[in-house]
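Q: just coords:
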């Protein structure tokens, strides 16, 4: 219904454009649908509709693989990510967050999470969350998978028509977009350290040192609930005709993942010929002409302005900016 409304070519199982599998990659059995609202699990149906619609909008010729996990525990969501990678995805969208833990980097068998999200040559994208700056009063603290250096973290903006600008639009950081810094993941070489983002790291010899940590996000896309996007959901929907408007960085994640698909991300990386292999976010920090710098708006209060307020150049709420074509991807 969404694709027909906007004149996009059909993407169906019959024409091999769309495929739906369980977390192990099989067509059946699929997880049973959740109970009707107000059951919070029903929100995952709308999340799925939103993701498929956003991929359709930004990359109409992309093939779409929907992997349904058994539930929303991180080990099963991570298994679904691994399945998407194994089945050939060039980019993977994740519209959920969880609190960071000191055990994240452990092997999966010991309760670790990080390795689910390390797939060289694949753009693993995650929304930065809708709770504002992670370390504000009452905040949730650092979030995963956003804080993993192997993940492209997509923050959110508010986008409004503005005939007084050359672009015809004005764009600011959305007040709800997530941002923050890890306490356990070292800062990647392509980021600039913040004195507010420091962790304690111990080497094999038992020596500890205070070192800079990973800051998120990396890029942004319209996500404000006041300037949201159209979504069609046929099961529980938003209205008698199934249409509604949705915001949140659950918009940003699939939208950015689709742009990676549109840009053909993954071909050179899988051949091992690119120094961004394993870190798809890295290119965003050096391809700024293809990104629109967002210089105003805030998502919380912090002592380091860059972590919670948009400004010239890089900032955590909007990363390096919003897409201006596909050159940054």
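A: Sure thing, it's come through. Owing to the predicted nature of the structure, the values given are computational and were not obtained by experimental measurement. Numbers count the residues shown, from 1 in each chain.
Q: from here on, just use CA atoms for contacts and neighbour counts.
A: Will do.
Q: buried residues, stretch 251-269. List them.
A: 251-262, 265-266, 269 (16 or more other CA atoms under 10 Å).
Q: quick one: the strands in the stretch 51-200 of the chain?
A: Along the stretch 51-200 of the chain, counting by DSSP state E, counting those that start in this stretch, strands occupy 64-68, 91-94, 98-99, 123-127, 143-144, 152-161, 169-173, 180-186, 198-202.
Q: can you give the strand pairings for the first one, parallel or anti for each?
A: Strand 64-68 has the following sheet partners, assigned by DSSP bridges: strand 18-22 (parallel).
Q: one more: the third one?
A: Looking at strand 98-99 with DSSP bridges, its paired strands and their directions are strand 143-144 (antiparallel).
Q: give me the mean pLDDT for the strand it pairs with.
A: Mean per-residue pLDDT for strand 143-144: 96.
Q: next: stretch 28-44.
A: Stretch 28-44 shows a mean pLDDT of 82.
Q: ok, now stretch 298-309?
A: 90.
Q: buried ones in it?
A: In terms of neighbour count (16+ other CA under 10 Å), stretch 298-309 has its buried residues at 298, 299, 300, 302, 306, 307, 308, 309.
Q: returning to that earlier point: so which of the strands of the stretch 51-200 of the chain is nearest residue 287?
A: Closest approach to residue 287 among the strands of the stretch 51-200 of the chain (CA to CA): strand 152-161, 14.4 Å.
Q: and the angle from the closest one to strand 123-127?
A: 60 degrees (axes from the mean of the first three to the mean of the last three CA atoms, to 10 degrees).
Q: what mean pLDDT does strand 152-161 get?
A: Confidence over strand 152-161 (mean pLDDT, whole number) is 97.
Q: helices or strands next to it in the packing?
A: In this structure, strand 152-161 makes packing contacts with strand 123-127, strand 169-173, strand 219-222, helix 249-262, judged by 3 or more CA pairs under 8 Å, 6 or more residues apart in numbering; DSSP states H and E.
Q: contacting residues around the shortest one?
A: Looking back up the chat, that one is strand 219-222. 152-159, 228, 247, 249, 251-252, 255-256, 284, 317-323 (CA atoms under 8 Å, 6 or more residues apart in numbering).
Q: buried ones in that strand?
A: Result for strand 219-222 [16+ other CA under 10 Å]: buried residues 219, 220, 221, 222.
Q: gap between residue 310 and residue 60?
A: Note on residue 310: its distance to residue 60, by CA to CA, to the nearest Å, is 31 Å.
Q: neighbour-wise, which of these two wins?
A: Legend: neighbour count by other CA atoms under 10 Å for residue 310 and residue 60, higher for residue 310 (26 against 19).
Q: the more buried one contacts residue 320, doesn't it?
A: No. At 9.9 Å, residue 310 and residue 320 do not qualify as touching, with contact defined as CA atoms under 8 Å.
Q: which neighbours do those two have in common?
A: Common neighbours of residue 310 and residue 320 (CA under 8 Å, 6+ apart) are residue 294.
Q: flag the shaky bits of this structure, pLDDT-wise.
A: 136-139, 267-276 (pLDDT under 70).
Q: same thing but 50
A: Flagging of the chain using pLDDT under 50 yields the residue ranges 269-273.
Q: who's in contact with the residue nearest the centre of it?
A: Centroid check for the chain by CA atoms, centre = their mean gives residue 126 as the closest residue, at 2.1 Å. With contact set as CA under 8 Å, 6+ apart, residue 126 has these partners: 93, 94, 95, 96, 145, 146, 151, 152, 153, 154, 253.
Q: list the contacts of the third one.
A: So the one you mean is residue 95. Listed by CA under 8 Å, 6+ apart, the contact partners of residue 95 are 47, 126, 127, 249, 250, 251, 253, 254.
Q: among the residues you listed, which one lies nearest to residue 201?
A: Distance to residue 201 across these (CA to CA) is lowest for residue 126, with 25.2 Å.
Q: grab the longest helix from the protein for me.
A: helix 43-58 (DSSP state H).
Q: and the angle for that helix with helix 249-262?
A: Helix 43-58 runs at 40 degrees relative to helix 249-262, counting by the same axes, to 10 degrees.
Q: just checking, what packs against helix 43-58?
A: helix 2-5, strand 64-68, strand 229-232, helix 249-262.
Q: turn these into a markdown table, columns for distance to residue 120.
A: Output for the helices and strands packed on helix 43-58, formatted as a markdown table (distance: least, CA to CA, whole Å):
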| stretch | distance to residue 120 |
| --- | --- |
| helix 2-5 | 31 |
| strand 64-68 | 19 |
| strand 229-232 | 31 |
| helix 249-262 | 14 |
